[in-house]
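Asks: Attaching a predicted model along with its sequence, questions to come.
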Amino acid sequence: MPDHLPRRHVLRTAGALGLGAAAAGALTGPADAAPTATTVASMGSHHGRLSIRKDPFGTTPEGVGVDVYTFGNGRVTVSMLTWGATIQRVETPDRRGRTENISLGFDNLPDYAALSPYFGATIGRYGNRIAKGRFTLDGRSYQIPVNNGENALHGGTLGFDKKVWKAKVVQTPSAVGVAFSYVSPDGEMGFPGELTTTVTYTLNKQDDLRIDYHATVAGKPTVVNLTNHVYFNLAGEGSGSIDGHVLQLNAPSYTPVDEGLIPTGEIAPVAGTPFDFNRPTAIGARIRDDHPQLVIGRGYDHNFVLGGKPDRDGLRFAARFWEPEGGRTVTVHTAEPGAQFYSGNFLDGTFQGIGNKSYRQGDAFAFETQHFPDSPNHPNFPSTVLRPGETYRSTTVYSFGTK
């Protein structure tokens with residue numbers, strides 16, 4: 001870990017995400033790891049220079065080491081953990097050239113294990129919610145452990161965000177990054193089939209962070225919905241509300257939800273509602289409107305049905321976020337049919353992040369490209385079924401810039 005990120009030795013809450021106090025306390029953070037760093041590769045001039053290094057980040061109670069890979073291009077720097085294939089930091093300059101970390105996260109492994117609301121994690125097997133954790137596939141019923149009221153969220157109590165992934169450096173003349181892989185055994189979290197997943201994160205010289213998802217299943221068919229749950233604040237992590245961020249979201253419709261945030265099955269037009277961001281609009285402009293869906297979600301926590309046709313690479317423009325004061329932007333293109341826009345409604349200030357500042361309601365947004373929530377229980381939604389012999393492939397690109 002970089003030396004300027006001090007480790008906090010007090011674990012604030014144990015068991016918040018299903019990890020007992022003893023297990024959480026047994027985790028060690030970067031201060032306990034050997035201070036050895038490895039520079040894996042470096043190429044190019046200072047601006048546009050591609051580089052990557054590996055540092056120890058901590059150790060699990062089972063004695064498994066967790067590493068942090070930091071890769072950059074001389075302008076944008078990304079740090080990722082093997083714990084959960086997690087984006088820990090994204091450092092980008094504003095229009096004046098001042099670089100800040102714009103991604104929420106922690107500086108130590110115990111907090112990720114016990115506290116993290118999926119900060120930057122790779123999510124699986126099934127991103128978003130499955131109603132009551134139940135679905136039927138080919139006439140057989142499956143039960144996923146519930147961890148969000150009566151529903152299963154992001155793969156159940158021990159999803160991919162809490163696994164230590166294998167990592168392999170990826171380097172080309174134009175991009176650098178890490179390929180993370182994990183094999184989920186048949187029956188893990190109740191899901192059928194042995195799922196082999198590789199998610200490759202690469203940063204190119206044009207400031208594009210590309211995420212390529214790849215998965216195959218053996219033995220039995222399964223359901224798969226992979227995504228990443230990075231939280232952004234384009235003014236800088238811990239800097240306050242994102243209400244002033246401007247959003248353009250390419251979505252003619254969305255999927256309304258019930259009181260448990262499960263889709264009702266309806267695909268509703270956004271026109272004439274606070275969910276219409278087809279024209280650039282401040283996130284906070286209508287977030288407190290008396291709309292029943294905003295009341296249910298305590299803000300935006302909804303799946304949007306993306307519009308437009310894919311380009312030659314199979315990607316479509318999904319959204320652009322802009323922070324007017326500093327000018328930072330992030331533009332999202334994806335092969336997915338939907339995206340969950342979440343306005344940080346359940347951040348409550350009970351823990352501190354990398355910058356030793358509390359994260360409060362509305363202090364960040366997430367934009368999770370995906371198939372629709374609870375798709376296994378809605379035949380009218382795009383299918384998430386993956387069968388032996390088939391390959392799951394999907395790509396999402398976050399492009400960083402200023403204006």
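Replies: Thanks, I have it.

Asks: residue ranges of the helices in the stretch 251-400 of the chain, please?
Replies: Secondary structure of the stretch 251-400 of the chain (DSSP state H, counting those that start in this stretch): helices at 292-297.

Asks: low pLDDT regions in it?
Replies: Along the stretch 251-400 of the chain, no part satisfies pLDDT under 70.

Asks: Contacts only, for the closest residue to residue 352 other than its chain neighbours.
Replies: The shortest distance from residue 352 to any non-neighbouring residue, by C-beta to C-beta, 6 or more residues apart in numbering, is to residue 358 (5.5 Å). Quick note: C-beta positions are derived from backbone N, CA and C, even for glycine. By C-beta atoms under 8 Å, 6 or more residues apart in numbering, the contact set of residue 358 is 238, 349, 350, 351, 352.

Asks: Could you verify my assumption that the fourth one touches residue 111?
Replies: In other words, residue 351. Yes: the pair residue 351 / residue 111 is scored as a contact, 6.9 Å apart, by C-beta atoms under 8 Å.

Asks: More neighbours: which of these two?
Replies: Counted by other C-beta atoms under 10 Å, residue 351 and residue 111 do not tie: residue 111 has more neighbours, with 26 against 19.

Asks: How confident was the prediction at that one?
Replies: pLDDT for residue 111: 94.

Asks: if I look at it, how far off is residue 180?
Replies: According to C-beta to C-beta, to the nearest Å, residue 111 and residue 180 sit 20 Å apart.

Asks: go on, residue 105?
Replies: For residue 105, the distance to residue 180 equals 16 Å [C-beta to C-beta].

Asks: do residue 293 as well
Replies: Counting by C-beta to C-beta, the gap from residue 293 to residue 180 is 35 Å.

Asks: More neighbours: these two, which one.
Replies: Neighbour count, other C-beta under 10 Å: between residue 293 and residue 180, residue 180 has more, with 25 against 18.

Asks: what pairs with the more buried one across the strands?
Replies: residue 167, residue 199 (DSSP bridges).

Asks: if I pick the residue nearest the centre of the chain, what's in contact with it?
Replies: Closest residue to the average C-alpha location of the chain: residue 229 at 1.5 Å, with C-alpha atoms, centre = their mean. By C-beta under 8 Å, 6+ apart, residue 229 lies in contact with 118, 119, 120, 121, 123, 127, 154, 161, 366, 368.

Asks: which phi and psi does it have?
Replies: Note on residue 229: backbone dihedrals following degrees, to the nearest 10 are phi -110, psi 50.

Asks: ranges for the strands of the stretch 51-200 of the chain?
Replies: Remark: strands assigned in the stretch 51-200 of the chain by DSSP state E, counting those that start in this stretch are 65-72, 77-81, 86-93, 99-101, 122-123, 129-130, 134-137, 140-143, 152-153, 166-171, 175-184, 194-204.

Asks: how about TSV for those, with mean pLDDT added?
Replies: As requested, these are exported to TSV (pLDDT from 0 to 100):
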stretch	mean pLDDT
strand 65-72	98
strand 77-81	98
strand 86-93	98
strand 99-101	98
strand 122-123	98
strand 129-130	98
strand 134-137	98
strand 140-143	98
strand 152-153	98
strand 166-171	98
strand 175-184	98
strand 194-204	98
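
Asks: Now distance to residue 275 too, for those, in CSV please.
Replies: Formatted as CSV, those follow (distance: least, C-beta to C-beta, whole Å):
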stretch, distance to residue 275
strand 65-72, 36
strand 77-81, 31
strand 86-93, 27
strand 99-101, 30
strand 122-123, 23
strand 129-130, 18
strand 134-137, 27
strand 140-143, 32
strand 152-153, 21
strand 166-171, 37
strand 175-184, 33
strand 194-204, 29
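
Asks: Quick check: which of those is nearest to residue 329?
Replies: Among the strands of the stretch 51-200 of the chain, strand 86-93 comes nearest to residue 329, with 9.4 Å by C-beta to C-beta.

Asks: Distance check, the closest residue to residue 222 other than its chain neighbours against residue 184.
Replies: Of all residues beyond its chain neighbours, the one nearest residue 222 is residue 193 (4.0 Å), with distances taken as C-beta to C-beta, 6+ apart. As judged by C-beta to C-beta, residue 193 and residue 184 stand 9 Å apart.

Asks: cool, and residue 156?
Replies: Look at residue 156 and residue 184: by C-beta to C-beta, they are 11 Å apart.

Asks: hmm, back to that, these two touch, right, the residue nearest to residue 222 and residue 221?
Replies: Yes: if you go by C-beta under 8 Å, residue 193 and residue 221 touch, sitting 6.4 Å apart.

Asks: which neighbours do the two share?
Replies: Common contacts of residue 193 and residue 221 (C-beta under 8 Å, 6+ apart): 386, 388.

Asks: More neighbours: which of those two?
Replies: residue 193 (24 against 16).

Asks: Now do the more buried one, the pLDDT please.
Replies: Listed pLDDT for residue 193 reads 98.

Asks: which residues does it contact?
Replies: By C-beta under 8 Å, 6+ apart, residue 193 lies in contact with 186, 217, 218, 219, 220, 221, 222, 386, 388.

Asks: Out of the residues you listed, name the two that are farthest from one another.
Replies: Taking C-beta to C-beta, the two most distant members of the contacts of residue 193 are 186 and 386; they sit 13.3 Å apart.

Asks: Show me which of these two is the more surrounded one.
Replies: residue 386 (20 against 14).

Asks: what does stretch 374-383 contact?
Replies: With C-beta under 8 Å, 6+ apart, stretch 374-383 has contacts from 128-131, 134-137, 223, 225, 255, 262-263, 265, 267, 337-338, 371-372, 384-385.

Asks: Can you flag the buried ones in those residues?
Replies: The neighbour count (16 or more other C-beta atoms under 10 Å) marks 128-131, 134-135, 137, 223, 225, 255, 262-263, 267, 337-338, 371-372, 384-385 as buried among those.

Asks: Excluding sequence neighbours, find me the nearest residue to residue 218.
Replies: Distance criterion C-beta to C-beta, 6+ apart; nearest residue to residue 218, sequence neighbours excluded, is residue 194 at 4.6 Å.

Asks: try residue 106
Replies: Per C-beta to C-beta, 6+ apart, closest to residue 106 is residue 112, 5.4 Å.
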